[in-house]
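Trainee: Need coordinates for the below:
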Amino acid sequence: MNIKNFVKKVLRPKPSALISAQTDSLMRRLKPRRFVTDYITDVYNNNVRPNVSDNTVTLSVLTDTHAKAVASASYYGINGIRHIIEANSAVDDLDIDLNVHLGDLIDGSDKPEISRGLLRFAVENYQNNEKPFYIAEGNHDENDKYDEHKFVSSASFNRDDYDNLVTKFDFQQSKILRLNPVSKVSWFDKGDVRIIFLNTSDIPYILNNGSKKYDVKKVRGIREQQISDLITILEDTVDKHVVVFGHANLISPSGRSALNFNGDLIQQLFVSFNNKDRGQIKNELTGDFGVNLRYDFSSTGISKVSNYICGHMHYEKYYNVSGINHIILNCSALMGKKHGLTTDYNKKWDRKYNEISELAGYFVNIDPDKLRLQIFGYGAATRYVSFEI
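Mentor: Sure, this is the predicted structure:
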């Protein structure tokens, strides 16, 4: 039975346990394509390896794979999972310090049991790789797109589904650190480099008559507890080159918040950290997203936040606001040019199934000696760009 027919069988109405088992079976039939893994390996060997050293930090980065249990040859589908399998297979033998997925691992539009199966399989694939990994939460990863499209009266994911399927496995690794068992901020250190991960889908799970108060797909934000944890981490960051990652862009090129809640506050904290300031950060909100905190960055030495890197927008863009580079990476999911939601950026790539343009990924290298951050793209991505750190 081919994949397309198998997927059709999976999507027929069946008991949840059977659907989950068949989804897992489908995923395990997927194998990396040799031409893809060879291509990614060649990009690393020819472009990345000659430009990095042992004292640098190198990450393999995917974002927005939007995996779905459909066999689409022109848009979101099983190809999203295959891109993860292939990238992980290629980097297993490469000199990579950290394997990163910046969120929207799934499209979140499948039945909940299928979406859980997709998340479970993807995490297992990262676990089977020898490299440490970090998977950030995206706005599609709570399956709210399914709720939105099906007009269901109750949330399809339970409060802890995503955390139990994904987040807890991030923190089972000794190299991925956080302040406490519930903190949504994490970090990874190597030498003079500190990488911090933020959760831009830090949205409270509140039910009103079974339905969610906040649609995580549509609402992006960072709450006070996460900002408090970030302040603590930054206050203890001494003489480090800091690069921050998250799923969604924090601010626009004009400096306005690009999150529904508090993206501009994070930018203010970064600027205050770079200026070694003491002070207070607050907004005019109360309730779920109110913030009123104090900070003291006067004893952080030469530490500086230089770059914030994210996905979410399904295109590439770079802009500098108050000395901090904001870098948006293209989606790893296939986006054919004839689909209505395909961005103009991806239409120009004319992405096609079974061609190199089908995928998009990056190697990100942070060099504390040369004070630069290098991004090497492959597939539907810019081949090279660099920034100061």
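Trainee: Reduced to three states, what does the closest residue in space to Asp110 that isn't next to it in sequence come out as?
Mentor: Leaving out its chain neighbours, the residue that sits closest to Asp110 by Cβ to Cβ, 6 or more residues apart in numbering is Ala69, at 5.3 Å. Any C-beta I mention is one placed from the backbone N, CA and C, and that applies to glycine too. Here Ala69 takes the coil state, with states given by DSSP: H, G, I helix; E, B strand; the rest coil.
Trainee: got it, and the one 5 residues further on?
Mentor: Reducing the assignment at Ser74 to three states with three-state DSSP gives coil.
Trainee: If we ignore the residues flanking it in sequence, what's nearest it?
Mentor: Gly336 (3.5 Å).
Trainee: and that neighbour, how many neighbours?
Mentor: Residues lying near Gly336 (other Cβ atoms under 10 Å) number 19.
Trainee: Check Asn46 too.
Mentor: Based on other Cβ under 10 Å, the number of other residues close to Asn46 is 10.
Trainee: Same question for Glu137.
Mentor: 27.
Trainee: now Arg383
Mentor: By other Cβ under 10 Å, 10 other residues sit near Arg383.
Trainee: does the closest residue to it other than its chain neighbours sit in a helix, a strand or a coil?
Mentor: Take Arg383 and drop its neighbours on the chain: the residue closest to it by Cβ to Cβ, 6+ apart is Gly377, 5.6 Å away. Under three-state DSSP, Gly377 falls in the strand class.
Trainee: close enough to count as contact, the residue nearest to Ser74 and Glu355?
Mentor: No - contact criterion Cβ atoms under 8 Å: Gly336 and Glu355 do not qualify, at 11.2 Å.
Trainee: Tell me which residues touch the residue nearest to Thr167 when sequence neighbours are not counted, please.
Mentor: The shortest distance from Thr167 to any non-neighbouring residue, by Cβ to Cβ, 6+ apart, is to Glu137 (7.2 Å). If you count contacts by Cβ atoms under 8 Å, 6 or more residues apart in numbering, Glu137 has them with Gly103, Tyr162, Val166, Thr167, Asn199, Thr200, Ser201, His247.
Trainee: how does it look with 7 Å?
Mentor: Gly103, Tyr162, Asn199, Ser201, His247 (Cβ atoms under 7 Å, 6 or more residues apart in numbering).
Trainee: ok, the fourth one to Asp64 distance?
Mentor: Okay, so that is Ser201. Ser201 is 13 Å from Asp64, where distance means Cβ to Cβ, to the nearest Å.
Trainee: likewise the third one?
Mentor: From Asn199 across to Asp64, the span is 16 Å (Cβ to Cβ).
Trainee: And Asp110, by the same measure?
Mentor: According to Cβ to Cβ, Asp110 and Asp64 sit 16 Å apart.
Trainee: circling back to that earlier point, looking at Asn199 and Asp64, which is more packed in?
Mentor: More crowded of Asn199 and Asp64, by other Cβ under 10 Å: Asp64, with 26 against 23.
Trainee: Correct me if wrong, but the more buried one is in a strand.
Mentor: No - assignment of Asp64 by three-state DSSP gives coil, placing it outside any strand.
Trainee: In the longest helix anywhere in the chain, which residues are buried?
Mentor: The longest helix of the chain (DSSP state H) is helix 112-128. Across helix 112-128, burial judged by 16 or more other Cβ atoms under 10 Å covers 112-123, 125-126.
Trainee: any chance of the residues you listed in CSV, with distance to Gln226 and pLDDT too?
Mentor: Listed next are the buried residues of helix 112-128 as CSV, based on distance: Cβ to Cβ, whole Å; pLDDT from 0 to 100:
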residue, distance to Gln226, pLDDT
Pro112, 26, 97
Glu113, 30, 96
Ile114, 30, 97
Ser115, 24, 98
Arg116, 25, 97
Gly117, 29, 96
Leu118, 26, 97
Leu119, 22, 98
Arg120, 25, 97
Phe121, 28, 97
Ala122, 24, 97
Val123, 22, 98
Asn125, 27, 97
Tyr126, 23, 98
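Trainee: Just name the closest of those to Glu388, please.
Mentor: Tyr126 (30.6 Å; Cβ to Cβ).
Trainee: can you give me the helices in the chain?
Mentor: All helices of the chain, identified by DSSP H, fall at 3-10, 16-29, 34-43, 79-91, 112-128, 144-150, 161-162, 168-170, 224-235, 263-274, 344-349.
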